[in-house]
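Asks: Structure here, sequence nowhere to be found:
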């Protein structure tokens with residue numbers, strides 16, 4: 001399916017932007033975290049892309065990987081929100097907030113049925129997500145991290161002027177819209193019924209991340 005190749009191409013661009021932010025702008029903690037955030041979104045989008053192109057990765061593992069991408073997205077976005085446009089916490093203070101959810105949720109998603117039930121049904125457009133007993137705990141932590149990040153960015157927006165205020169405005173609007181779209185098409189609908197539109201959330205979020213990442217690179 002064409003949308004699968006589009007998602008894979010977008011994921012490749014996000015990885016490139018993320019690596020450039022990581023290795024060409026290491027003097028800024030904020031750009032490092034945004035680079036990691038961009039790569040995490042690439043995992044989320046790329047997993048959906050593999051599913052839609054029907055490759056060897058198109059079994060239910062693609063769904064688990066797309067969910068795996070959610071926690072690094074939230075963790076690195078929260079860390080970014082404490083670092084942009086000026087550091088508000090030191091790196092050693094942020095590391096625990098990054099590490100503990102990754103250690104708990106990534107193995108849990110990949111190797112157990114606690115969050116997403118593992119089945120033998122291939123992951124194809126139209127599949128309904130089978131939730132595990134602790135999925136709602138995962139979603140709660142994800143939501144707390146995202147809302148916390150929104151709050152930090154909004155506070156920074158109120159106290160910032162010039163270019164950074166403009167960029168924060170773009171970031172906040174894009175984040176809120178991406179959060180709403182992804183929550184509807186990637187979480188709510190698949191948990192209720194089958195859907196053929198699981199790509200919309202990752203496509204919308206990915207395009208926005210590429211645009212903001214490009215703006216940062218140009219600056």
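Replies: Perfect, I can see it now. Given the structure is predicted, the values throughout are model-derived calculations rather than measurements.

Asks: And for residue 43, the neighbour number?
Replies: Neighbours of residue 43 under the rule other Cβ atoms under 10 Å: 19. All C-beta atoms are positioned from the backbone trio N, CA, C, and that covers glycine.

Asks: Give me the pLDDT value at residue 96.
Replies: Reading off the confidence values, residue 96 has pLDDT 93.

Asks: mind checking how far it is from residue 151?
Replies: With the distance defined as Cβ to Cβ, to the nearest Å, residue 96 ends up 19 Å from residue 151.

Asks: out of these two, which sits in the more crowded spot?
Replies: In terms of neighbours (other Cβ under 10 Å), residue 151 is the more surrounded of residue 96 and residue 151; the figures are 12 against 9.

Asks: Phi and psi next, for that one.
Replies: The main-chain torsion angles of residue 151 are listed as degrees, to the nearest 10 and equal phi -60, psi -50.

Asks: Spit out the contact partners of it.
Replies: For residue 151, no residue counts as a contact, taking Cβ atoms under 8 Å, 6 or more residues apart in numbering as the criterion.

Asks: repeat for residue 67
Replies: Residues counted as contacts of residue 67 (Cβ under 8 Å, 6+ apart) are 109, 115, 116, 138.

Asks: do that again at 7 Å, thanks
Replies: Listed by Cβ atoms under 7 Å, 6 or more residues apart in numbering, the contact set of residue 67 reads 109, 116.

Asks: That one - that's part of a strand, no?
Replies: No. Under DSSP: H, G, I helix; E, B strand; the rest coil, residue 67 falls outside any strand and is assigned helix.

Asks: and it, what pLDDT?
Replies: Predicted confidence (pLDDT) for residue 67: 86.

Asks: separation between it and residue 116?
Replies: In terms of Cβ to Cβ, residue 67 sits 6 Å off from residue 116.

Asks: Equivalent analysis for residue 12, please.
Replies: 26 Å.

Asks: of these two, who's got more company?
Replies: Looking at residue 12 and residue 116 with other Cβ under 10 Å, you find the greater number of neighbours at residue 116, namely 23 against 14.

Asks: and the gap between that one and residue 7?
Replies: Computed as Cβ to Cβ, the residue 116 to residue 7 distance reads 20 Å.

Asks: returning to what we had before: joint contacts of residue 67 and residue 116?
Replies: When contacts are counted by Cβ under 7 Å, 6+ apart, residue 67 and residue 116 are jointly contacted by residue 109.
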